[in-house]
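> Here is a sequence with its predicted model. Questions after.
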Amino acid sequence: MNSEAKQLFYHLCQQYDALSQDLESRAFPEFSETITHPLGHCFVRCPVGSQRFSIVAVNFVPSVRGQGVLTAFIDYIKSHPYHYQGVEVAIIENKSLAKRLLSLGWKYKSLFSKIFFANKPTLVKDFQSA
């Protein structure tokens, strides 16, 4: 990971920690936030009733793409779960990322999404099976 990628990764982790700590005391944490940084942004959410932290959209500048920022961020979430029971990466347009996550034991969110949205899947990984 180059220095710019590390900078973005650390910012994502700091914002994740701040958001999670702020909502940890709530019985039903619910949010939709965009984590912004000059090197990119990441839209995250946790719908009411969900027990997964969801990464919905990611847009990084070209100089940090392919540096493992998103993979490292997902690993960070798994090692700092707070009240979440899993992580979800929604509407994956990067076919290499989807293939890699599936090879690591990630599952389609539903049979419906596997059948109808296989080109842009939503994949999930629950922490107890991590």
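Received, thanks. Numbers count the residues shown, from 1 in each chain.
> any idea which element the residue lying closest to Val64 once chain neighbours are set aside lies in?
Leaving aside its sequence neighbours, Val64 sits nearest to Ala5 (Cβ to Cβ, 6 or more residues apart in numbering; 4.3 Å). To be clear about C-beta, it is placed using only N, CA and C from the backbone, and glycine gets the same treatment. Taking DSSP states H and E as the criterion, Ala5 maps to helix 3-23.
> where's that helix relative to the chain centroid, distance-wise?
With Cα atoms, centre = their mean, to the nearest Å as the basis, the distance from the averaged C-alpha position of helix 3-23 to the chain average is 12 Å.
> Check stretch 88-106 too.
Between the centre of stretch 88-106 and the centre of its chain there are 11 Å (Cα atoms, centre = their mean).
> Strands of the protein, start to end?
For the chain, the strands defined by DSSP state E occupy 31-37, 40-46, 52-60, 86-89, 107-108, 123-126.
> re the thing from before, what lies in contact with the helix holding Ala5?
1, 29, 31, 33, 35, 37, 39-40, 42, 44, 46, 53, 60-61, 63-64, 67-69, 72-73, 76-77, 80, 82-84 (Cβ atoms under 8 Å, 6 or more residues apart in numbering).
> Are any of the residues you listed buried, and if so which?
Buried subset of those (neighbour count, 16 or more other Cβ atoms under 10 Å): 29, 31, 35, 37, 39-40, 42, 44, 46, 53, 60, 64, 67, 69, 72-73, 77, 84.
> Grab the most central residue of this protein for me.
Per Cα atoms, centre = their mean, the C-alpha nearest to the average position across the chain is that of Ile55, at 3.5 Å.
> any idea how far it is from Lys109?
To Lys109, Ile55 is 13 Å away according to Cβ to Cβ, to the nearest Å.
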